[in-house]
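Participant: A structural model of the following input is requested.
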Amino acid sequence: MTTLITGAAGFIGMHIAAALLDRGERVVGIDNFTPYYSLDLKRARIARLEALHGESFSFLDVDFGDANALSRALSTTTFDRIIHLGAQPGVRYSLENPAAYIHSNVSGHVNILELARHRAISHLVYASSSSVYGMRSDAPFRVSDRADTPISLYAATKRADELMSETYAHLFRIPMTGLRFFTVYGPWGRPDMAVWKFTEAVLQGRPIDVYNYGDMRRDFTFIDDIVDGVILALDHPPVDDNREKPGGFKTPHRLYNIGNNSPERLIDLIKKIEKACGRKAKINLLPMQDGDVHQTFADIEDISRDLGFRPKTPISWGIPAFVNWYVGQWMKN
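Facilitator: Below you'll find the predicted structure:
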């Protein structure tokens, strides 16, 4: 079994590739090393996969937003399934560089759908986002809730991905699963995310910017739990039985929330980081930023019922695991 993973140099992509390789499968990874954050970190992730898994892992440096380049790069490569994680991430950056989101998250997603169509892929699992829910006062967020009021371009592109996927599932009967990720953290994480930024600031004695004057809650999900959920979804593609699935579709296409089902206050997160680092944080309270949301909270009933997904990692364990990796490995690079 061979799986194509887009965004293989990314945080989630590297961990999922490693898990599939560990169980004896082959993985073809693609990425184009966009400089949104540290290229050294992205290259270190790929180097780790190559060092640990040898010929079972192959990597191609290609921009999946470029249809011709993607076709040429994969012309002699065969694979059975696709995990499409590559994207231009970040809510706030979409205010600065909207074209990057259209290129990767819209055009790029169509290119992957076309690839799945013409290669007769057995299952396409793709990354959506909790951002599609917009600014909501009711919680938890359910897949059955309306998601047509995005407050950032990033969120709008992710909702567009879901709708385009449904069109392809309807027209070409491609089995697909869209996963709405809630804030993911852990070793080898992303430097633009809160856990990394806060840890780095505490260790360096710099102040932490905390928005909405600290009144923020996030459904932080440890990477090991995310990997479990993605692989459960990959191994159990939806059937084409004309029955309604999570997301409201009767095609072989479904949507799931994938989160911890336990939102945490940012202030409590900072306390956990302080304890793991052995230092106090300097906190700079600021108003809410444009495009940001007050809270995220995943209802995971659908994915738990259908696939048996059960997140197991509280931040009391996950935060020390991240800090230990950051101090013990990344700071030494």
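Participant: Burial check on the closest residue to Asp31 other than its chain neighbours, number of neighbours?
Facilitator: Distances taken as Cβ to Cβ, 6 or more residues apart in numbering place Ala9 nearest to Asp31, at 3.8 Å, with adjacent residues excluded. For glycine as for every other residue, the C-beta is placed from the backbone atoms N, C-alpha and C. Ala9: 27 surrounding residues under other Cβ atoms under 10 Å.
Participant: Looking at Ala9 now. What's its pLDDT?
Facilitator: On the pLDDT scale, Ala9 is placed at 98.
Participant: Against which helices or strands is the lowest-mean-pLDDT helix or strand in the chain packed?
Facilitator: Counting by mean pLDDT, DSSP states H and E, the weakest-scoring helix or strand in the chain turns out to be strand 217-218, with a mean of 84. Counting contacts by 3 or more Cβ pairs under 8 Å, 6 or more residues apart in numbering; DSSP states H and E, strand 217-218 is packed against strand 264-265, helix 266-277.
Participant: Give the other helices and strands that the longest one contacts.
Facilitator: Identification of packing neighbours for helix 266-277 by 3+ Cβ pairs under 8 Å, 6+ apart yields helix 194-204, strand 207-210, strand 217-218, helix 315-325.
Participant: Give me the buried stretch members for it, please.
Facilitator: By neighbour count on 16 or more other Cβ atoms under 10 Å, the buried set for helix 266-277 is Leu266, Leu269, Ile270, Lys272, Ile273, Glu274, Ala276, Cys277.
Participant: Nearest residue to the third one in space, please, no chain neighbours.
Facilitator: When you say that, I think you mean Ile270. Closest to Ile270 by Cβ to Cβ, 6+ apart is Ala281, at 5.3 Å.
Participant: What is the burial count for the one you found?
Facilitator: Count around Ala281 with other Cβ under 10 Å applied: 20.
Participant: looking at it, it is touching Ile208, isn't it?
Facilitator: Yes - counting by Cβ atoms under 8 Å, Ala281 does reach Ile208; the two are 5.4 Å apart.
Participant: what helix or strand does Gly29 sit in?
Facilitator: Assigned by DSSP states H and E, Gly29 belongs to strand 26-31.
Participant: Same check on Ala147?
Facilitator: Per DSSP H and E, there is no helix or strand for Ala147.
Participant: tell me the contacts of it?
Facilitator: The contact partners of Ala147, by Cβ atoms under 8 Å, 6 or more residues apart in numbering, come to Val132, Tyr133, Gly134, Arg159, Glu162.
Participant: Inside helices: which ones of those residues?
Facilitator: If you go by DSSP state H, the contacts of Ala147 have Arg159, Glu162 in helices.
Participant: Give me the nearest residue to Leu269, chain neighbours excluded.
Facilitator: Ile315 (6.4 Å).
Participant: Can you report how many residues lie near the one you found?
Facilitator: 24.
Participant: Please tell me how far the spatially closest residue to Glu301 that is not a sequence neighbour sits from Val91.
Facilitator: Nearest non-adjacent residue to Glu301, counting by Cβ to Cβ, 6+ apart: Arg142, 7.8 Å away. Distance of Arg142 to Val91, computed by Cβ to Cβ, to the nearest Å: 21 Å.
Participant: Leu179 now?
Facilitator: On the measure of Cβ to Cβ, Leu179 and Val91 end up 18 Å apart.
Participant: of these two, who's got more company?
Facilitator: Applying other Cβ under 10 Å to Leu179 and Val91 shows that Leu179 carries more neighbours, namely 24 against 19.
Participant: who's in contact with the helix or strand harbouring the more buried one?
Facilitator: Per DSSP H and E, Leu179 falls inside strand 176-181. Strand 176-181 has contacts (Cβ under 8 Å, 6+ apart) with 12, 116, 123-130, 132, 143, 161-162, 165, 168-169, 221, 226, 229-230, 233-234, 237-238, 247, 252-259, 298.
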